[in-house]
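>>> Just the structure for this:
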Amino acid sequence: MGKLYIIGAGGHGQVVLDCARASGFEICGFLDDKEELNGKNINGVEVIGKVELSKRLDGLFIVAIGDNAK
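Residues are numbered from 1 along each chain as shown. From the prediction side, this is the model:
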């Protein structure tokens, strides 16, 4: 289908990951502002950096932040 980046690597992001995989997307990585997640592998997908990195990436983005406070 296309290259997809998921913004938010928490629980909601992982649910979105499962749905995106089932839909045939090529998952390129998670973007998350939590420093402790940078470089971690979550269900086979790396957290590649902070959300601001999205400005320099080419592809589709889906916001998967389930915390209403944000």
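
>>> All the strands of the protein, in order from the start?
Using DSSP state E, the strands found in the chain span residues 3-7, 26-31, 41-42, 45-49, 60-63.

>>> Now mean neighbour count and distance to L17 too, for the ones you listed, in CSV please.
In this view, the C-beta of every residue, glycine as well, is placed from N, C-alpha and C. CSV is the format used below for these (neighbours: other C-beta atoms under 10 Å; distance: least, C-beta to C-beta, whole Å):
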stretch, mean neighbour count, distance to L17
strand 3-7, 20, 6
strand 26-31, 20, 6
strand 41-42, 13, 8
strand 45-49, 18, 6
strand 60-63, 15, 10
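
>>> how about those strands in CSV, adding mean pLDDT?
Putting the strands of the chain into CSV (pLDDT from 0 to 100) gives the following:
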stretch, mean pLDDT
strand 3-7, 97
strand 26-31, 98
strand 41-42, 98
strand 45-49, 98
strand 60-63, 98
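
>>> Could you dump those into TSV with distance to Q14 added?
Formatted as TSV, the strands of the chain follow (distance: least, C-beta to C-beta, whole Å):
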stretch	distance to Q14
strand 3-7	9
strand 26-31	9
strand 41-42	6
strand 45-49	9
strand 60-63	13
